[in-house]
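> Sequence and computational prediction follow.
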Amino acid sequence: MTSAAPEEPHLPDSADQPVHSADIEDEFDFRPYIDGAAVLGAAANVIMQLAVPGVGYGVLESPVDSGKLTLHPVKRTRTTLTYLAVALLGTTDERTAYRKAVDTSHRRVRSTAQSPVRYNAFDRDLQLWVAACLYWGARDIRERMRGRPEPGLEETIYRHSARLGTTLQVPPDAWPADQEAFDRYWSENLARTRIDPPVRAMLDEIVDLKMFPRPVQFLGGRFNRWVTAGLLPAHLRTEMGMTWSARDERRFGRSLRTLGRVSAALPVPLRSFPINAYLLDFRIRRRFGLKLV
């Protein structure tokens, strides 16, 4: 396992080699542990992912305009949430199908001679960082809302979450062996993150919902910035120039605990919405031969 998401990644010529993940808790039912409220952390998770320069500049300079959140927010949200749904709830065959669909877009995302850092969307170290952000963000908001599960269940959820990487190009043995190893990986890599001004400008647009019509920006932008600041590690909050007070922390903590109580009272299908809805959408699209990404 690599201990860092490097700025000069390996540049594989092909990403056509399958990653075998069928043996990763294939029988585990993840549905009771998915909470749709976690979508509140979407912007914070994007910031964490893009705080590794290879990921940040890869997104900023990507020639695949159809996948840019700032240009196509609804489509990009669909593809991201579908990825989470297929990775955690889909079958082995469905994960393979979605990986191949994502690969089609990723093939065009490579650094050029003018890029500030070298990157490649198929780089497994960078993909491991993205998967780690998805897992850490989901774990963080789940624990703030509902507390930590008992240790055995917590480790099972963690092992199953390896699919967040193996559904792409991360081999199973690259996923940290247990949560203790993951926490070391996370701390080491988080300390290396930085957000350069061009990437920060793009992230500010996302946080303030500038890709949506003005009424949405007006009604939701300020709240989204507050929630995003609350879910960011302190280091990245500083990198984004966000402020956060002890009063903010108390209010945010109470809000998440209240949301957790409400969520826990819901039946599983409602609690896991909209993730379950995006899995259904994926299956319909695949059944009728529609574009998956």
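Arrived safely.
> Surely residue 226 and residue 247 touch.
No. Residue 226 is beyond contact range of residue 247, at 11.8 Å (criterion: Cβ atoms under 8 Å). C-beta here means a position set from N, CA and C on the backbone, and glycine is covered the same way.
> More neighbours: which of the two?
Comparing residue 226 with residue 247 by other Cβ atoms under 10 Å, the one with more neighbours is residue 226, at 17 against 8.
> Now do the contacts for that one.
When contacts are counted by Cβ atoms under 8 Å, 6 or more residues apart in numbering, residue 226 touches 248, 252.
> Can you name the next helix or strand after the helix or strand hosting it?
Assessed by DSSP states H and E, residue 226 sits inside helix 214-231. Next in sequence after helix 214-231, counting helices and strands by DSSP H and E, comes helix 234-239.
> Show me how far whichever helix or strand residue 181 is part of is from its chain's centre.
Assigned by DSSP H and E, residue 181 belongs to helix 179-190. Distance of helix 179-190 from its chain centroid, counting by Cα atoms, centre = their mean, to the nearest Å, is 16 Å.
> i'd like the first residue to be 797 from this point on
All right, first residue 797 from here; so that's helix 975-986.
> Sort out which residues of that helix are buried, please.
975, 978, 981, 982, 985, 986 (16 or more other Cβ atoms under 10 Å).
> The last one and residue 1043, how far apart?
Separation of residue 986 from residue 1043 (Cβ to Cβ, to the nearest Å) stands at 25 Å.
> From residue 1071, how far off is residue 870?
16 Å.
> neighbour-wise, which of these two wins?
residue 1071 (22 against 10).
> how close does that one get to residue 966?
Distance of residue 1071 to residue 966, given as Cβ to Cβ: 21 Å.
> can you pull out the helices in the stretch 847-996 of the chain?
849-857, 869-885, 888-902, 920-942, 947-956, 959-962, 975-986, 993-1003 (DSSP state H, counting those that start in this stretch).
> could I get these as a markdown table with mean pLDDT?
Output for the helices of the stretch 847-996 of the chain, formatted as a markdown table (pLDDT from 0 to 100):
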| stretch | mean pLDDT |
| --- | --- |
| helix 849-857 | 95 |
| helix 869-885 | 92 |
| helix 888-902 | 92 |
| helix 920-942 | 95 |
| helix 947-956 | 92 |
| helix 959-962 | 94 |
| helix 975-986 | 97 |
| helix 993-1003 | 97 |
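> ranking the ones you listed by burial, who's on top?
helix 959-962 (a mean of 26; mean count of other Cβ atoms under 10 Å).
> Against which helices or strands is that one packed?
Contacts defined by 3 or more Cβ pairs under 8 Å, 6 or more residues apart in numbering; DSSP states H and E place helix 959-962 against helix 869-885, helix 920-942.
> just how off-centre is that helix within its chain?
Worked out by Cα atoms, centre = their mean, helix 959-962 lies 11 Å from the chain centre.
> want to throw the helices and strands packed on helix 959-962 into CSV with distance to residue 1005?
Formatted as CSV, the helices and strands packed on helix 959-962 follow (distance: least, Cβ to Cβ, whole Å):
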stretch, distance to residue 1005
helix 869-885, 8
helix 920-942, 19
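> For residue 1065, find the nearest of the ones you listed.
helix 869-885 (12.1 Å; Cβ to Cβ).
> which residues are contacting the closest one?
826-827, 830, 835, 838, 862-865, 890-891, 894, 898, 930, 956-957, 959-960, 963, 1007-1008, 1070-1072, 1074-1075, 1077-1078, 1088-1089.
> ditto for stretch 1038-1057
833, 937, 940-943, 1021-1026, 1028, 1030, 1033.
> got it, and stretch 993-1012?
For stretch 993-1012, using Cβ under 8 Å, 6+ apart, the contacting residues are 839, 842-843, 846, 849, 852-853, 855-856, 865-867, 869, 991, 1013, 1016-1017, 1020-1021, 1024, 1035-1037.
> how about 6 Å then?
Applying Cβ atoms under 6 Å, 6 or more residues apart in numbering, the contact partners of stretch 993-1012 are 839, 843, 846, 852, 856, 865-866, 869, 1013, 1016-1017, 1020-1021, 1024.
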